[in-house]
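J.: Could you work out the structure for the sequence below:
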Amino acid sequence: MDGNPPDLVERLTRWESSGGHWRVLADTGEHLTIALVTCDGGEEMERVSGAPDAAVRAYLAGRTRSED
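T.: Next comes the predicted model:
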């Protein structure tokens, strides 16, 4: 995930704290791709991807979007 998976949880929470949203673009079970998008129009600013660990799965809690 562009680094260690625990870094992804931190990255997503920082993104949300700044007002941004995220959405899962692909999840094969072994590989995850998430788009970091703006809050005002959903413009994609960046993508992160990699193999999620239990901490990432727990943070997502089955969600596919931050605004759900």
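J.: For residue 37, give me its contacts.
T.: By CB atoms under 8 Å, 6 or more residues apart in numbering, residue 37 lies in contact with 20-23, 43-45. (Each C-beta comes from the backbone N, C-alpha and C, glycine too.)
J.: Of the residues you listed, keep whichever come out buried.
T.: For the contacts of residue 37, a neighbour count by 16 or more other CB atoms under 10 Å gives the buried set as 20-23.
J.: Restricted to strands, list those residues.
T.: 21-23 (DSSP state E).
J.: Could I get the full set of strands for the protein?
T.: Here the chain has its strands, by DSSP E, at 21-27, 32-37, 44-50.
J.: average pLDDT across the first one?
T.: Looking back up the chat, that one is strand 21-27. Average pLDDT, strand 21-27: 96.
J.: tilt between it and strand 44-50?
T.: Strand 21-27 runs at 40 degrees relative to strand 44-50, counting by axes from the mean of the first three to the mean of the last three CA atoms, to 10 degrees.
J.: and which of the ones in strands among the buried ones among the contacts of residue 37 is nearest to residue 10?
T.: Residue 10 has its nearest neighbour among those in residue 22, at 12.8 Å by CB to CB.
J.: roughly how far apart are that closest one and residue 30?
T.: For residue 22, the distance to residue 30 equals 20 Å [CB to CB, to the nearest Å].
J.: Kindly list the longest helix within the protein.
T.: Assignment by DSSP state H gives helix 5-17 as the longest helix of the chain.
J.: Just to check, residue 26 is in contact with residue 48?
T.: No. Residue 26 lies out of contact with residue 48 (CB atoms under 8 Å); the separation is 11.6 Å.
J.: Give me the more crowded residue out of those two.
T.: Using other CB atoms under 10 Å as the criterion, residue 26 and residue 48 rank with residue 48 on top: 18 against 11.
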